[in-house]
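S.K.: This is a predicted model, with the sequence first.
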Amino acid sequence: MQSIFGTPAYQRATRLTFFAVGFTMAAWAPLVAYAKQRLMLDDGVFGSLLLCIGFGSLLSMPFAGRIARFMGLRRLMQLSGICFSVALVALSVISEPWQFAVALFVFGACLGLGDICVNLQGAMVEKAAGQPLMSGFHGLFSAGTFAGAAGVTLVLNQGASPLTASFIAAVTAAVILLIARSHQIRQLDALDDASFLWPKGVVLLLAALAFICLLIEGAMLDWSALYLNGVHNVPLASAGIAYSTFTLAMTCARLVGDRLARCLGDSVLLLGGAAVSLLGLVLAQTLSLSGALIGFALAGLGMANAVPILFRAALTQNRMPAAASLSSVATIGYLGVLLGPGFIGHLSEITSLHTAFWCLTASLLVLCLFARPAVTRGLKCT
């Protein structure tokens with residue numbers, strides 16, 4: 001039975017599910033500035049509210065594997081996707097801070113469950129197919145993030161309200177999930193126990209590097225529009241172009257990532273990508289608007305294949321059971337996406353948003369230093 005998971009039908013369903021999760025997550029990016037304006041909060045308080053996304057995921061991610069075993073992987077992906085979409089619509093209209101915090105918590109919890117579940121499905125499909133597929137799967141996630149950010153930005157620029165834009169995005173994501181449903185894996189029994197375990201040895205290093213990579217992705221999601229608006233005076237309705245540029249570049253690089261990994265090796269690809277992303281963030285903060293957008297594009301190119309490589313290393317290392325290792329690396333890594341916005345908000349309150357982005361840039365030096373040892377130790381063969 002498990003061998004059928006590698007068939008084209010299951011691969012297509014996995015790509016569609018990755019796309020839907022990325023689409024819904026990124027549809028939030030152009031709405032962030034509107035929410036901040038509607039709530040009339042400063043950077044520090046708004047950043048604190050954004051931490052609720054992280055808290056929601058922090059509570060849901062470690063239990064995703066167990067919940068999937070209890071209620072079924074397919075059912076959990078469908079349920080979390082629907083709740084994810086409903087929370088997105090709620091975030092576009094709520095004006096009370098405490099209600100906004102609750103909606104953010106639900107949004108984060110559903111994002112956490114969806115991310116872990118779709119990566120577990122991806123791992124099972126890749127294992128059954130017997131060939132590298134993870135970068136391609138994450139490529140569809142990035143395609144979803146580009147479509148979500150660009151689509152909502154386009155709708156807003158046409159004069160639609162945040163409620164209308166979020167409703168269109170929510171319905172689109174729900175339809176995609178329904179199309180994928182028939183070939184989403186029903187039960188989580190093709191890998192070993194996927195319960196969260198605290199990472200050990202090289203898995204801890206992989207998790208730390210995944211945290212850095214996804215911290216940067218999280219910052220791009222929630223603060224890139226505000227960065228363009230605050231630093232380059234780009235109107236709120238158009239400021240989502242920063243994240244759209246980042247994700248478009250990331251999508252293009254991920255779609256050829258599996259081929260690049262076979263040609264160059266994972267360690268070379270990870271190190272080179274970290275260097276390109278470092279250059280991109282430096283350019284984004286030192287040049288004019290057009291140069292900044294080029295910098296965001298380079299950052300997306302460099303970050304594109306980092307997480308798929310780290311996830312593959314987590315699956316093929318021999319320090320921990322494969323699925324438990326993936327669950328641990330994904331959980332700690334995705335906390336970067338979810339805690340990053342709050343970190344940027346508080347740091348920008350103390351210093352400035354510009355300084356906060358420089359701190360993100362500095363974190364890439366850590367990735368450059370440890371990319372090769374982490375992957376070469378994590379993979380049985382490169």
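M.R.: Thanks, I have it. Worth saying up front: this structure is predicted, and the values here are computed from it rather than measured. Numbers count the residues shown, from 1 in each chain.
S.K.: Now do the buried residues in the lowest-mean-pLDDT helix or strand in the chain.
M.R.: Lowest mean confidence among the helices and strands of the chain (mean pLDDT, DSSP states H and E): helix 322-350, at a mean of 79. Burial within helix 322-350, assessed by neighbour count using 16 or more other CB atoms under 10 Å, is assigned to 322-349. Glycine gets a C-beta too; all of them are placed from N, C-alpha and C.
S.K.: And stretch 130-137, by the same measure?
M.R.: Of the residues in stretch 130-137, those buried under the neighbour-count criterion (16+ other CB under 10 Å) are 132-137.
S.K.: Just the CA atoms of that stretch, as PDB, please.
M.R.: Extracted as PDB, the C-alpha positions of stretch 130-137 are listed here (Å, rounded to 0.1, in the frame of the first residue of the first chain):
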ATOM      1  CA  GLY A 130      12.800   6.900  -4.100                       C
ATOM      2  CA  GLN A 131      14.000  10.300  -5.400                       C
ATOM      3  CA  PRO A 132      14.500  13.800  -4.100                       C
ATOM      4  CA  LEU A 133      11.200  15.700  -4.200                       C
ATOM      5  CA  MET A 134      11.200  17.900  -1.100                       C
ATOM      6  CA  SER A 135      12.600  21.100  -2.800                       C
ATOM      7  CA  GLY A 136       9.900  20.700  -5.500                       C
ATOM      8  CA  PHE A 137       7.200  20.400  -2.900                       C
END
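S.K.: What's the mean pLDDT across it?
M.R.: Averaging the model's pLDDT scores along stretch 130-137 yields 84.
S.K.: For that stretch, give me every contacting residue.
M.R.: Residues from elsewhere that reach stretch 130-137 (CB atoms under 8 Å, 6 or more residues apart in numbering): 6, 11, 14-15, 18, 118, 122-123, 125-126, 254-255, 257-258, 260-262, 304-305, 308-309, 311-312.
S.K.: The buried residues of stretch 130-137 in helices, which ones?
M.R.: 134-137 (DSSP state H).
S.K.: Please check the contacts of stretch 130-137 and keep the buried ones.
M.R.: Once neighbours are counted (16+ other CB under 10 Å), the buried part of these comes down to 6, 11, 14-15, 18, 118, 122-123, 125-126, 254-255, 257-258, 260-261, 304-305, 308-309, 311-312.
S.K.: Show me what the least confident helix or strand of the chain is packed up against.
M.R.: Applying 3 or more CB pairs under 8 Å, 6 or more residues apart in numbering; DSSP states H and E, we find helix 322-350 packed against helix 43-60, helix 64-71, helix 97-129, helix 202-232, helix 306-316, helix 353-378.
S.K.: Also compute the angle for that helix relative to helix 306-316, please.
M.R.: Angle of helix 322-350 versus helix 306-316, following axes from the mean of the first three to the mean of the last three CA atoms, to 10 degrees, is 150 degrees.
S.K.: Give me the angle between helix 322-350 and helix 353-378.
M.R.: In this structure, helix 322-350 runs at an angle of 160 degrees to helix 353-378, with the same axes, to 10 degrees as the basis.
S.K.: in stretch 87-95, what counts as buried?
M.R.: Within stretch 87-95, the residues that qualify as buried by neighbour count (16+ other CB under 10 Å) are 87-94.
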